[in-house]
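Q: This is the structure alone, sequence omitted:
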């Protein structure tokens, strides 16, 4: 009994000791969650939606930092100039989007790594036709509003001196919305602001860029410990993903910047030229085709042009689509002046130089597959590069794709895709290249010839092509390509891909009504027999 009591007491002491160890650790862990007062200013960096949910460049970055530090944020909302002053006074701990100056570095601490890079623009009211980049003297004698204490003040002065501009600087401490109102009301002739704030400055027109700089997280001057944690977290973030900053920029800043505005030169070109004529490859769904019922364009290109028409802030674009049998025919029509641009284009820089063309920012992207015989799915790897690929005549995109990614493959040319597929089935060729979005167009033939697809592991970008000398049109089309969300184009491609599959199924049913009726009758008979069998089982039971 005594031995039993000793054991009980011993166990109890161990448990008490363990509890003593665990409790301080728990308390320590709870106490380690540091509360950080962070500046919040509504912009592309910090957004609050109608449901009170937060998002934005800085917000997402700060949440990533908190995942490494365990910080808890207390948000302090003011205008950015007010928050900078509060940071210098130690009234907040952390502020995003702070450019470096020697003067600021005397009272605040900067993160070692930048959180991104930004550009600075001069904006004017939309009805101000007096100030133009073509006449640099038109900037002189004007009032220009710039955030007080911001790096833009010094940047504008340097730009003005370099360009011989003499303007009156009005230093602002108000929110961006109030600055915009001053510009629109004529209290200011110009406003210097960040590229990504173009969306907040709706109606204002960016005239020219005056400079660019990295921007950082900044910490209040006396908080070296917080800076050490911040630097360690940012180093781990950017080491794990070296493109983290660029991905945030693409997500939050690129879609709202000055590239959504046409310049004075571009607006003049559009007004004088009018409708932009687009030559496209026919019978190329899900990308583009001429609707056999209406004769109009259908496919993802139609949706893209509809979105591009109103994608810019200060202009509407009209498009006219013209069908051609091949992409090469569309290129030739563009060279002769029948159309202004063409789709789809995938020429390399070298091929563009040779042909005297330019490719815009890609408007669509697709995975590329190789159609092979079902019993020969390993042929691409087994042939050690000596692959014979059947290619449609008149399609330079696939020719260039092969030169770029599979230069050792041998191309043989056929008049159209069905002939190419037949060549693979007859072992005259090893494969046919096809976009994943184009598969439904050939599904019946693949089934007929016992063909299947294997991935090449390579993507193909499709752009709008323009003649090299049409520089203004090129600039306009690149802006629309950047303004139309990639997700919207992908959704359109998926829709037409599914629509083509549905129409193919309906077409198959119409062509095999007898078989379909027989299958349906068999299903009905089987269902009736099953019901009778179930009833008999119930009676027996």
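A: That came through fine. All figures in this text were calculated on a predicted structure; none of them were measured in a lab.

Q: for the stretch 351-500 of the chain, what are the low-confidence residue spans?
A: 500 (pLDDT under 70).

Q: same thing but 90
A: For the stretch 351-500 of the chain, the stretches with pLDDT under 90 are 379-386, 394-399, 440-441, 482-483, 485-487, 498-500.

Q: How are the strands of it distributed by residue range?
A: Ranges of strands in the stretch 351-500 of the chain, per DSSP state E, counting those that start in this stretch, are 357-359, 364-373, 388-392, 410-414, 431-435, 451-467.

Q: Between those strands, which one is closest to residue 152.
A: strand 357-359 (33.3 Å; C-beta to C-beta). In this view, the C-beta of every residue, glycine as well, is placed from N, C-alpha and C.

Q: which other helices and strands contact the closest one?
A: The contact analysis (3 or more C-beta pairs under 8 Å, 6 or more residues apart in numbering; DSSP states H and E) places strand 357-359 against helix 349-355, strand 451-467.

Q: Just the residues contacting the shortest one, thanks.
A: Translated: helix 349-355. Residues outside helix 349-355 that contact it (C-beta atoms under 8 Å, 6 or more residues apart in numbering) are 331, 347, 357, 358, 359, 396, 400, 468.

Q: what about 6 Å?
A: Contact partners of helix 349-355, identified using C-beta atoms under 6 Å, 6 or more residues apart in numbering, comprise 358, 359, 400.

Q: Would you mark the buried spots in it?
A: Of all the residues in helix 349-355, those buried under the rule 16 or more other C-beta atoms under 10 Å are 351, 352.

Q: any idea how far it is from the chain center?
A: For helix 349-355, the separation from the chain centroid amounts to 26 Å (computed by C-alpha atoms, centre = their mean, to the nearest Å).

Q: what do you get for the longest one?
A: The gap between where strand 451-467 is centred and where its chain is centred comes out at 18 Å by C-alpha atoms, centre = their mean.

Q: Just checking: what are the partner strands of it?
A: Applying DSSP bridges to the sheet, strand 451-467 is found paired with strand 341-345 (antiparallel), strand 357-359 (antiparallel), strand 364-373 (antiparallel).

Q: For the ones you listed, give me CSV that also has mean neighbour count and distance to residue 279.
A: Formatted as CSV, the strands paired with strand 451-467 follow (neighbours: other C-beta atoms under 10 Å; distance: least, C-beta to C-beta, whole Å):
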stretch, mean neighbour count, distance to residue 279
strand 341-345, 27, 4
strand 357-359, 22, 13
strand 364-373, 20, 16
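
Q: so which of those comes closest to residue 477?
A: Here strand 341-345 is closest among the strands paired with strand 451-467 (C-beta to C-beta), at 6.4 Å.

Q: So for the closest one, mean pLDDT?
A: Averaged across strand 341-345, the pLDDT comes to 97.

Q: Same question for stretch 327-334.
A: Across stretch 327-334, the per-residue pLDDT values average to 97.

Q: List the buried residues for it?
A: Within stretch 327-334, the residues scored as buried using 16+ other C-beta under 10 Å are 327, 328, 329, 330, 331, 333, 334.

Q: ok, what's across the strand from residue 170?
A: On the basis of DSSP bridges, residue 170 is bridged to residue 145.

Q: picking that back up, which of the strands paired with strand 451-467 sits closest to residue 176?
A: Closest to residue 176 of the strands paired with strand 451-467, according to C-beta to C-beta: strand 364-373, at 34.5 Å.

Q: Given the strand or helix carrying residue 122, what are its sheet partners and their directions?
A: For residue 122, the host element (DSSP states H and E) is strand 116-124. Taking DSSP bridges as the criterion, strand 116-124 forms sheet pairs with strand 190-194 (antiparallel), strand 205-220 (antiparallel).

Q: And the contacts of it?
A: Outside strand 116-124, the residues touching it (C-beta under 6 Å, 6+ apart) are 131, 152, 155, 190-192, 194-195, 201, 204-212, 214-215, 245, 249, 258.

Q: now swap in stretch 79-91 and tell me
A: Contacts with stretch 79-91, where a contact means C-beta under 6 Å, 6+ apart, come from 39, 41, 92, 95, 107, 108, 147, 148, 173, 175, 220.

Q: residues contacting the last one?
A: By that I understand residue 220. Per C-beta under 6 Å, 6+ apart, neighbours of residue 220: 87, 90, 93.
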